[in-house]
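Student: Test case, fold it:
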Amino acid sequence: MRFDFDTPVERSGTWSTRWDRYAGRAGREILPLWVADMDFRAPPAILDAFAARVEHGVFGYSTLPDALREAIVQRLERLYGWRIEPGWIVMLPGVVPGLHLAVRMLTSPHHRVLLPTPVYNHFKRAAELAPRKFEEIPLAQSGGHWVLDRDRLEDAMRHGARLLLLCNPQNPGGSIYTRAELERIAGLAERYDVLVCSDEIHADILLEAGRRHVPIAGLGREMGRRTVTLMSPNKTFNIPGAGCAYAVIEDAQLRALFSAELHALVPEPGVFGYAGALAAYADPTSEVWLAELLAYLRANRALLEQAMASIPGLRHWHVEATCLAWIDAGEWGLQDPSAYLLKHGLALSPGAQFGAPGFVRLNFGTQRARLGEALARIRAAAAAL
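Tutor: The predicted structure is shown next:
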């Protein structure tokens, strides 16, 4: 491989949310594989772009560069066959603020929001903090693939929902929605006049060979005009601390509603966010880095799946996308399996955070030796039950 994903990068003491929370706890080392950032250095093109801005030495207010807007347009068409106009893009510092803006600005206090469950915790937080009434629509297993329960979804839409928050690829389940699945969701949204805000931040971290991400807004003009699509290079190229994301909103009225209080509530990206995003999308060496990253993550996934098959009481759901493993520890009979694993030196995200007590989420976007150590700690925890 051209890029080195195996050499450990020391992250303790670097203000890392993931690594510093458990540093020095109880005099022992805690291996933190919870928050969804990766332990790999960003692509060289991005590091060079950051270095050039540091060398320049002035960090004033920044304006979205036209080159980045055009790079986004070209990338969406090249990767997904989705043709958008540059004016549809609304810049954000991250996808999470986009979720909160969508709920607050596109719904009224009497409206109801639909949430697939289990799902990334900020979906529910966005509805709670707005505040808005919400209904959780359970995901169901179909051939090892998490899908929305169509009957439950239609029933909820029929009874007056305003907004569906969609996560594609799904987090924490790791499913890539197929075109047919998305067409069913789109058909219901169109029939019952429901808006969709689709979090597609993991669109480029696809681990299944031959699979292609399908933006729900790209299914047709009718779906495009009722959808807010949230995307970002932050996860793909491991630069969430730089802070750059965007919403793609085709309908002018919807875009105006979403953006009405944008600068009062949410700041624009800063100079490093713009510089990093442009280097990620416009420099071809970043795509080479991404291809090698995906190969490395696939090997990590294979190692994890092989280990899970031999650990009593655990069931690992096959991950089609993301670097996040979704593990069912229900057979352990513990109220909080993440708390139990923490006692054995491993910090994972608790399933209750996503609406699924009994599960844990493990971030395998780390060096293979660290992942091996994490699996050893899980085996020790299972043996100690």
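Student: low pLDDT regions in this structure?
Tutor: Scanning the chain for pLDDT under 70 picks out 25-28.
Student: Residue ranges of each domain in it, please.
Tutor: Per automatic domain parsing, the structural domains of the chain span 17-43+285-384, 51-283.
Student: what's the offset of the longest one from the middle of its chain?
Tutor: Here domain 51-283 is found 10 Å from its chain centre; the criterion is Cα atoms, centre = their mean, to the nearest Å.
Student: and if you look at the shortest one?
Tutor: In terms of Cα atoms, centre = their mean, the centre of domain 17-43+285-384 is set 16 Å apart from its chain centre.
Student: repeat for stretch 3-18
Tutor: The answer for stretch 3-18 is 20 Å, by Cα atoms, centre = their mean.
Student: Now do the end-to-end distance for that stretch.
Tutor: Length of stretch 3-18, first residue to last, Cα to Cα, to the nearest Å: 24 Å.
Student: quick one on the thing from earlier: could the domains of the chain go into TSV alongside mean neighbour count?
Tutor: Every residue, glycine included, has its C-beta placed from N, CA and C. Below are the domains of the chain laid out as TSV (neighbours: other Cβ atoms under 10 Å):
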stretch	mean neighbour count
domain 17-43+285-384	19
domain 51-283	19
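Student: Those domains into JSON lines, with extra columns for distance to residue 2?
Tutor: JSON lines is the format used below for the domains of the chain (distance: least, Cβ to Cβ, whole Å):
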{"stretch": "domain 17-43+285-384", "distance to residue 2": "6"}
{"stretch": "domain 51-283", "distance to residue 2": "14"}
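Student: Out of the ones you listed, flag the one nearest residue 4.
Tutor: Minimum separation from residue 4 across the domains of the chain (Cβ to Cβ) falls at domain 17-43+285-384, 8.2 Å.
Student: Okay, helices next: where are they in the chain?
Tutor: In the chain, the helices defined using DSSP state H lie at 17-20, 44-56, 66-80, 95-106, 121-129, 150-158, 179-191, 221-224, 252-259, 262-265, 271-282, 284-308, 337-343, 368-384.
Student: would TSV of these with distance to residue 205 be doable?
Tutor: Output for the helices of the chain, formatted as TSV (distance: least, Cβ to Cβ, whole Å):
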stretch	distance to residue 205
helix 17-20	17
helix 44-56	16
helix 66-80	12
helix 95-106	14
helix 121-129	18
helix 150-158	25
helix 179-191	18
helix 221-224	24
helix 252-259	25
helix 262-265	27
helix 271-282	13
helix 284-308	7
helix 337-343	23
helix 368-384	16
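Student: Contacts for stretch 45-60 next, please.
Tutor: 41, 237, 239, 242, 270-272, 275-276, 278-280, 283, 285-286, 289 (Cβ atoms under 8 Å, 6 or more residues apart in numbering).
Student: go again using 7 Å as the cut-off
Tutor: With contact meaning Cβ atoms under 7 Å, 6 or more residues apart in numbering, stretch 45-60 is reached by 237, 239, 271, 272, 275, 276, 278, 279, 280, 283, 285, 286.
Student: from those, which two are the most distant?
Tutor: 271 and 285 (21.4 Å).
Student: what's the single longest strand in the chain?
Tutor: Identified as the longest strand of the chain according to DSSP state E is strand 133-141.
Student: Show me what that strand is packed up against.
Tutor: On a contact count with 3 or more Cβ pairs under 7 Å, 6 or more residues apart in numbering; DSSP states H and E, strand 133-141 meets strand 112-117, strand 146-148, helix 150-158.
Student: Given it, what are its sheet partners and their directions?
Tutor: Using DSSP bridges, the strands paired with strand 133-141 in its sheet are strand 112-117 (parallel), strand 146-148 (antiparallel).
Student: so what's residue 235 closest to, chain neighbours aside?
Tutor: Distance criterion Cβ to Cβ, 6 or more residues apart in numbering; nearest residue to residue 235, sequence neighbours excluded, is residue 201 at 5.2 Å.
Student: and that neighbour, what is it in contact with?
Tutor: Shown in contact with residue 201 (Cβ under 7 Å, 6+ apart): 95, 230, 231, 232, 234, 235.
Student: if I look at it, how far off is residue 313?
Tutor: Between residue 201 and residue 313 the computed distance is 32 Å (Cβ to Cβ, to the nearest Å).
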